[in-house]
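Q: model this:
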Amino acid sequence: MAMSKIGSLGTVVFVVSPEAIRTFQDFSRSSASRFAKARHNRPKTQNSMARAGA
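A: Modelled structure (predicted):
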């Protein structure tokens, strides 16, 4: 049976075939988490200034 091309992404071609099974060799993946504090720069209202003692 022949392989059928179902799509590509750049130079990577995706095919379907009952005879072809392809897997990754030496595959590794790394990721890191990055967190940031939210900064709220809202204008102060009269009520909030009164509560703060301003």
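Q: which phi and psi does Ser8 have?
A: The phi/psi pair for Ser8 (degrees, to the nearest 10) reads phi -150, psi 160.
Q: tell me, how many residues neighbour it?
A: As a burial measure, Ser8 scores 10 neighbours (other C-beta atoms under 10 Å). C-beta coordinates here come from the backbone N, C-alpha and C atoms, glycine included.
Q: partners of it in the sheet?
A: Val13 (DSSP bridges).
Q: which pLDDT value belongs to the residue nearest the centre of the chain?
A: Computing the C-alpha centroid of the chain and ranking residues by C-alpha atoms, centre = their mean puts Ser31 first, at 10.6 Å. Note on Ser31: pLDDT of 87.
Q: which SS class is Ser30?
A: The three-state label given to Ser30 by DSSP: H, G, I helix; E, B strand; the rest coil is coil.
Q: how about Ala20: what's its closest non-neighbour residue?
A: Nearest non-adjacent residue to Ala20, counting by C-beta to C-beta, 6 or more residues apart in numbering: Met3, 6.1 Å away.
Q: and that neighbour, what's its pLDDT?
A: For Met3, the model assigns a pLDDT of 70.
Q: residues contacting it?
A: Residues near Met3 by C-beta atoms under 8 Å, 6 or more residues apart in numbering: 15-17, 20.
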